[in-house]
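Undergrad: Dropping the sequence and predicted coords here.
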Amino acid sequence: MSKIITAVMLALAMALANVAIGAGTGMPMMRGLKDPTVLADLVDRALARDSTGHSLLDSARCKKDGSCATAHDYFHGIQVAHPSAKLGDIADLPRYLRSLAKQPAPAGEWYMSRLLVKGEKRTYDHMAWHRAFFKGEDAWADVNTGEFVLAGFCENVVGALKSPAAEKETPVKKREIVSPQKIATCPDIYFLKINVWERKALSLPGVEATHAKEELGNKRFSTQEKVSSKHGGQFRRAYAEGVLKRSAVPREFRVSFIMTPEAQEGEATISDQEFVHDVTVTGLLELQFSRAQLEQWDAIRVIAIDGDMVSPPRSNDSGFRELRFFNRLPGKKLGEWDNNPVPDCIMNEHWIE
């Protein structure tokens, strides 16, 4: 009977993983390991062979059942999905894996990573699909934060709960927005305006084409052409002319400060993150930050908690609809937002419901 159940679970997992996979066939990362220590041992041996972590954890298992993960896949995946793990170097990975504890799997559907395999090409896919945990499946959790990190059946990295009401990251630590009474005006205070537009904004000239390019474009937030930066002025003009309206629906967003290698032209991963505030936006909300806050962090990260937003598209790295305002980039000063030639203290970002 157990063999039948396992076969059914495997068939279901493959059916779920193979949805919308023009880039390849979705496969588990490392199927059927009994506990986190076994995975940590595989990572230790792989790093001894190749300190970069790009070699297969188990080449025989890869040929046998498609479990073709590398240590780098896990390192990168956990860094992005669980910045609270604070994995500063790939050498930290085995220790962190051994610290995970088995727990009964949670209810609901969760975004998960997978491997996309097409011929000889293998690609780590961060959070492009989701599934519910199987009956009897366990989850491997971070004992310090309570976050579910890996799925027990396939050892794929677990991300956010798919439910729109709960699709949010666990705060690393809370920090309230500085009161405007305690700080001065420009340039000692900076303003972030979150604009949420009605769906009609997508039909304005050129917007849908930019959205399509953004969805298929590169993974860098700092250089990717975005609807928010390219068409923000267009949206405000259409609003002034009575052609476009802001949304009348309250929307939930999560605001945090982040450190990321992208600020030095590296990858768009997150090395550190500090939760600022959850906010409700009905059309437009203005947040205020001190210059000292922005100079301490690489970027302001805003994530849409609501699951039914249209723009921006979901990030291939994080699985979230998110925008980042970089406080520093090579050759740029604070206030040179989105290639603004004249530094200022006003930041506008634009979302379409």
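TA: Sure thing, it's come through.
Undergrad: Against residue 280, how distant is the residue minimising distance to the centre of the chain?
TA: Geometric centre of the chain, nearest residue: residue 318, 1.8 Å, by CA atoms, centre = their mean. As for residue 318, its distance to residue 280 is 22 Å (criterion: CB to CB, to the nearest Å). Yep, even glycine has a C-beta here, placed from its N, CA and C like the rest.
Undergrad: picking up where we left off before, okay, the residue nearest to the centre of the chain: pLDDT?
TA: Listed pLDDT for residue 318 reads 70.
Undergrad: And it, how far from residue 79?
TA: Computed as CB to CB, the residue 318 to residue 79 distance reads 11 Å.
Undergrad: try residue 331
TA: Taking CB to CB, one finds residue 331 at 26 Å from residue 79.
Undergrad: Also residue 205?
TA: As defined by CB to CB, residue 205 lies at a distance of 39 Å from residue 79.
Undergrad: Can you pick out the residue with more neighbours from those two?
TA: residue 79 (21 against 9; other CB atoms under 10 Å).
Undergrad: For my notes, confirm that one occurs in a helix.
TA: Yes. The assignment for residue 79 by DSSP: H, G, I helix; E, B strand; the rest coil puts it in a helix.
Undergrad: and the residue nearest to the centre of the chain, which of the three is it?
TA: For residue 318, the assignment made with three-state DSSP gives coil.
Undergrad: In space, what's closest to it - neighbours in sequence excluded?
TA: residue 80 (5.6 Å; CB to CB, 6 or more residues apart in numbering).
Undergrad: Need the pLDDT of the one you found.
TA: So, for residue 80, pLDDT stands at 83.
Undergrad: now the stretch 201-350 of the chain, which segments are flagged as low pLDDT?
TA: For the stretch 201-350 of the chain, the stretches flagged by pLDDT under 70 are 218-219, 222-223, 306-307, 317, 333-344.
Undergrad: if you set the cut-off to 50 instead, what comes out?
TA: Within the stretch 201-350 of the chain, the stretches with pLDDT under 50 are 341-342.
Undergrad: residue boundaries of the helices in it?
TA: Using DSSP state H, counting those that start in this stretch, the helices of the stretch 201-350 of the chain run over residues 207-216, 227-240, 291-296.
Undergrad: Serialize those to a markdown table and add fields for mean neighbour count and distance to residue 157.
TA: Putting the helices of the stretch 201-350 of the chain into a markdown table (neighbours: other CB atoms under 10 Å; distance: least, CB to CB, whole Å) gives the following:
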| stretch | mean neighbour count | distance to residue 157 |
| --- | --- | --- |
| helix 207-216 | 15 | 22 |
| helix 227-240 | 18 | 28 |
| helix 291-296 | 16 | 29 |
